[in-house]
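J.: Just to be clear, the model below is a prediction. Sequence and coordinates:
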Amino acid sequence: MADADMSVTALAAAGDIAAYREVPPRAPLLVLRRTSQLADGRVCEATVFHLRPERFDLVVRSGLAG
């Protein structure tokens, strides 16, 4: 894995996801989508996470190679 793209958005929870996350239907959830690529650009992983906002902490690290 060489690179990954991530996005975070807020959406109303669909019924099945609301039940799984133990929130009322249409409750706001954060949706994190991540797509990882190999060095040649091919996608090797795509995931979607449905997160309760009160249990989410976004930490971003940006490093610059010398």
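T.: Here it is on my side, so go on.

J.: if I pick the residue nearest in space to the middle of the chain, what's in contact with it?
T.: The centroid of the chain falls nearest to residue 32 when counting by CA atoms, centre = their mean (1.6 Å). Counting by CB atoms under 8 Å, 6 or more residues apart in numbering, residue 32 touches 6, 7, 8, 48, 49, 51. (Each C-beta comes from the backbone N, C-alpha and C, glycine too.)

J.: Now with 6 Å, please.
T.: For residue 32, the contacting residues are 8, 49, by CB atoms under 6 Å, 6 or more residues apart in numbering.

J.: For this protein, just list every one of the helices.
T.: Counting by DSSP state H, the chain has helices at residues 15-21.

J.: Residue 15 against residue 26, yeah?
T.: No: Residue 15 is beyond contact range of residue 26, at 8.6 Å (criterion: CB atoms under 6 Å).

J.: Could you report the neighbour count for residue 18?
T.: Using other CB atoms under 10 Å, residue 18 is surrounded by 17 other residues.

J.: And it, how close does it get to residue 30?
T.: Separation of residue 18 from residue 30 (CB to CB, to the nearest Å) stands at 14 Å.

J.: follow-up on the earlier one: so the residue nearest to the centre of the chain bridges to which residues?
T.: Counting by DSSP bridges, residue 32 is bridged to residue 8, residue 49.

J.: so what pLDDT did residue 41 get?
T.: Predicted confidence (pLDDT) for residue 41: 92.

J.: how many neighbours does it have?
T.: With other CB under 10 Å as criterion, residue 41 counts 8.

J.: who's in contact with residue 52?
T.: Listed by CB under 6 Å, 6+ apart, the contact partners of residue 52 are residue 21.

J.: tell me the phi and psi of it?
T.: Taking degrees, to the nearest 10, you get phi -70, psi 130 for the backbone angles of residue 52.
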